[in-house]
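[1] using only what follows, build the 3D model:
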Amino acid sequence: MGLSTWKNSPDGRILQSDFVIAKNYLSKEDIQSLERSVSAYFDYVERLLEDETLLSMADFAKSIDEFLIFNRYNILEGNGKISHKTATSKAIEEYKEFNLSQKIVSDFDKKIKKDKRRTKYIPKICFVGYTDDWEQRKLGKLGKIYTGNTPSTSEKENWTNDEDGHVWITPT
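    Numbers count the residues shown, from 1 in each chain. Purely as a prediction, here's the structure:
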(Lines give C-alpha, C1' and ligand atoms only; values in the text may rest on other atoms or scores of the structure.)
Protein backbone atom coordinates (compact mmCIF):
# COMPACT_ATOMS: atom_id res chain seq x y z
CA MET A 1 0.00 0.00 0.00
CA GLY A 2 2.81 2.46 0.83
CA LEU A 3 0.79 4.77 3.09
CA SER A 4 3.16 6.11 5.74
CA THR A 5 0.99 8.62 7.61
CA TRP A 6 -2.72 9.31 8.01
CA LYS A 7 -5.10 11.42 10.07
CA ASN A 8 -5.46 8.96 12.98
CA SER A 9 -1.96 7.45 12.81
CA PRO A 10 -0.27 5.48 14.12
CA ASP A 11 -2.96 3.26 15.68
CA GLY A 12 -6.17 4.78 14.35
CA ARG A 13 -8.30 3.67 11.45
CA ILE A 14 -7.21 4.57 7.94
CA LEU A 15 -9.94 6.48 6.10
CA GLN A 16 -10.65 6.69 2.37
CA SER A 17 -9.76 10.39 2.47
CA ASP A 18 -6.26 9.43 3.69
CA PHE A 19 -5.68 7.32 0.56
CA VAL A 20 -6.11 10.19 -1.88
CA ILE A 21 -3.66 12.62 -0.22
CA ALA A 22 -0.33 12.23 -2.03
CA LYS A 23 1.89 13.42 0.83
CA ASN A 24 0.58 10.57 3.02
CA TYR A 25 2.90 8.30 1.01
CA LEU A 26 6.04 10.27 1.87
CA SER A 27 8.50 9.24 4.56
CA LYS A 28 9.04 11.38 7.65
CA GLU A 29 12.29 12.69 6.15
CA ASP A 30 10.55 13.55 2.86
CA ILE A 31 7.82 15.44 4.74
CA GLN A 32 10.44 17.43 6.69
CA SER A 33 12.26 18.27 3.45
CA LEU A 34 8.97 19.34 1.84
CA GLU A 35 8.14 21.53 4.85
CA ARG A 36 11.57 23.21 4.69
CA SER A 37 11.19 23.87 0.96
CA VAL A 38 7.68 25.31 1.31
CA SER A 39 8.78 27.47 4.22
CA ALA A 40 11.82 28.73 2.25
CA TYR A 41 9.61 29.57 -0.74
CA PHE A 42 7.13 31.47 1.45
CA ASP A 43 10.02 33.42 2.99
CA TYR A 44 11.19 34.30 -0.54
CA VAL A 45 7.71 35.47 -1.60
CA GLU A 46 7.26 37.41 1.65
CA ARG A 47 10.51 39.27 0.95
CA LEU A 48 9.29 40.13 -2.55
CA LEU A 49 6.04 41.48 -1.13
CA GLU A 50 7.88 43.50 1.51
CA ASP A 51 9.87 45.09 -1.34
CA GLU A 52 6.45 45.95 -2.82
CA THR A 53 7.12 43.81 -5.86
CA LEU A 54 3.78 43.13 -7.49
CA LEU A 55 3.39 39.58 -8.79
CA SER A 56 0.76 38.31 -11.17
CA MET A 57 -0.32 34.66 -11.09
CA ALA A 58 1.99 34.02 -14.05
CA ASP A 59 4.83 35.66 -12.09
CA PHE A 60 4.09 33.41 -9.10
CA ALA A 61 4.11 30.29 -11.29
CA LYS A 62 7.42 31.39 -12.85
CA SER A 63 8.91 32.15 -9.41
CA ILE A 64 8.01 28.67 -8.18
CA ASP A 65 9.80 27.08 -11.15
CA GLU A 66 12.84 29.33 -10.62
CA PHE A 67 12.89 28.51 -6.92
CA LEU A 68 12.73 24.76 -7.60
CA ILE A 69 15.46 24.91 -10.25
CA PHE A 70 17.68 26.96 -7.92
CA ASN A 71 17.19 24.28 -5.23
CA ARG A 72 18.02 21.50 -7.75
CA TYR A 73 14.55 19.99 -8.02
CA ASN A 74 13.32 18.54 -11.31
CA ILE A 75 10.39 20.37 -12.88
CA LEU A 76 7.53 18.26 -14.26
CA GLU A 77 7.12 18.98 -17.95
CA GLY A 78 3.52 19.23 -19.10
CA ASN A 79 0.64 17.84 -17.08
CA GLY A 80 2.08 14.41 -16.34
CA LYS A 81 0.71 11.11 -17.57
CA ILE A 82 -2.05 10.42 -15.02
CA SER A 83 -4.90 12.82 -14.29
CA HIS A 84 -5.95 13.68 -10.74
CA LYS A 85 -9.32 12.05 -11.41
CA THR A 86 -7.69 8.79 -12.54
CA ALA A 87 -5.27 8.76 -9.59
CA THR A 88 -8.11 9.42 -7.13
CA SER A 89 -10.26 6.65 -8.67
CA LYS A 90 -7.35 4.20 -8.44
CA ALA A 91 -6.68 5.16 -4.79
CA ILE A 92 -10.35 4.67 -3.88
CA GLU A 93 -10.39 1.23 -5.56
CA GLU A 94 -7.28 0.25 -3.60
CA TYR A 95 -8.83 1.57 -0.37
CA LYS A 96 -12.00 -0.48 -0.84
CA GLU A 97 -9.88 -3.63 -1.22
CA PHE A 98 -7.71 -2.70 1.78
CA ASN A 99 -10.66 -1.74 3.99
CA LEU A 100 -12.12 -5.26 3.79
CA SER A 101 -9.18 -6.54 5.85
CA GLN A 102 -8.50 -3.45 7.98
CA LYS A 103 -8.48 -4.36 11.65
CA ILE A 104 -10.67 -1.90 13.53
CA VAL A 105 -10.62 -1.62 17.31
CA SER A 106 -13.58 0.41 18.54
CA ASP A 107 -13.53 2.66 21.61
CA PHE A 108 -15.88 0.13 23.24
CA ASP A 109 -13.41 -2.72 22.60
CA LYS A 110 -10.57 -0.60 24.03
CA LYS A 111 -12.62 0.09 27.19
CA ILE A 112 -13.47 -3.60 27.66
CA LYS A 113 -9.82 -4.58 27.21
CA LYS A 114 -8.78 -1.94 29.74
CA ASP A 115 -11.42 -3.13 32.25
CA LYS A 116 -10.35 -6.77 31.87
CA ARG A 117 -6.85 -5.77 32.97
CA ARG A 118 -8.22 -4.42 36.25
CA THR A 119 -8.24 -6.76 39.22
CA LYS A 120 -11.20 -5.00 40.76
CA TYR A 121 -14.19 -3.43 39.00
CA ILE A 122 -15.13 -0.12 40.60
CA PRO A 123 -17.63 2.01 38.71
CA LYS A 124 -17.22 5.78 38.49
CA ILE A 125 -20.50 6.25 40.39
CA CYS A 126 -20.73 4.23 43.59
CA PHE A 127 -23.01 4.07 46.63
CA VAL A 128 -21.60 6.02 49.57
CA GLY A 129 -19.79 3.69 51.95
CA TYR A 130 -19.81 0.69 49.57
CA THR A 131 -16.27 -0.69 49.30
CA ASP A 132 -16.69 -4.29 48.12
CA ASP A 133 -15.93 -5.45 44.59
CA TRP A 134 -18.78 -5.00 42.15
CA GLU A 135 -20.16 -7.93 40.24
CA GLN A 136 -21.61 -7.51 36.80
CA ARG A 137 -24.98 -9.28 36.46
CA LYS A 138 -27.93 -9.20 34.11
CA LEU A 139 -30.92 -7.43 35.62
CA GLY A 140 -33.25 -10.29 34.69
CA LYS A 141 -31.23 -12.66 36.95
CA LEU A 142 -31.99 -10.53 40.03
CA GLY A 143 -35.76 -10.72 39.82
CA LYS A 144 -38.79 -10.55 37.57
CA ILE A 145 -39.16 -7.59 35.26
CA TYR A 146 -42.57 -6.32 34.25
CA THR A 147 -43.04 -3.54 31.74
CA GLY A 148 -45.85 -1.07 31.36
CA ASN A 149 -48.22 0.31 34.01
CA THR A 150 -45.39 2.13 35.81
CA PRO A 151 -46.91 4.22 38.61
CA SER A 152 -46.70 7.99 38.64
CA THR A 153 -43.31 9.33 39.73
CA SER A 154 -45.02 12.23 41.51
CA GLU A 155 -46.35 9.86 44.22
CA LYS A 156 -43.38 9.03 46.49
CA GLU A 157 -45.07 6.02 48.09
CA ASN A 158 -45.02 4.26 44.70
CA TRP A 159 -41.21 4.32 44.71
CA THR A 160 -40.42 2.68 48.03
CA ASN A 161 -40.67 -1.01 48.90
CA ASP A 162 -44.27 -2.08 49.15
CA GLU A 163 -45.46 -4.78 51.58
CA ASP A 164 -44.51 -7.52 49.10
CA GLY A 165 -40.95 -6.19 48.67
CA HIS A 166 -41.49 -4.82 45.16
CA VAL A 167 -39.30 -1.93 44.07
CA TRP A 168 -40.29 0.18 41.10
CA ILE A 169 -37.56 1.45 38.80
CA THR A 170 -37.77 3.42 35.58
CA PRO A 171 -35.21 3.77 32.82
CA THR A 172 -35.97 7.46 32.29
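[2] can you give me the helices in the protein?
    In the chain, the helices defined using DSSP state H lie at 16-19, 28-50, 57-70, 84-99, 107-117.
[3] how about these in CSV, adding mean pLDDT, distance to residue 137 and mean neighbour count?
    C-betas here are computed from N, CA, C, even on glycine. Formatted as CSV, the helices of the chain follow (pLDDT from 0 to 100; distance: least, CB to CB, whole Å; neighbours: other CB atoms under 10 Å):
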stretch, mean pLDDT, distance to residue 137, mean neighbour count
helix 16-19, 86, 42, 16
helix 28-50, 89, 50, 12
helix 57-70, 89, 68, 12
helix 84-99, 89, 38, 13
helix 107-117, 73, 15, 9
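[4] these: which one's closest to residue 8?
    Closest approach to residue 8 among these (CB to CB): helix 16-19, 8.3 Å.
[5] now do that closest one: everything it contacts.
    3, 6, 7, 24, 91, 92, 94, 95, 98, 99 (CB atoms under 8 Å, 6 or more residues apart in numbering).
[6] and if we set it to 7 Å?
    Outside helix 16-19, the residues that touch it by CB atoms under 7 Å, 6 or more residues apart in numbering are 3, 6, 7, 24, 91, 92, 94, 95.
[7] repeat that for stretch 40-59.
    In contact with stretch 40-59 (CB under 7 Å, 6+ apart) are residues 63, 64, 67.
[8] next one: stretch 79-92
    Contacts of stretch 79-92 (CB under 7 Å, 6+ apart): 16, 19, 20.
[9] of these, closest to residue 104?
    Nearest to residue 104 among the contacts of stretch 79-92, with distances taken as CB to CB, is residue 16, at 13.7 Å.
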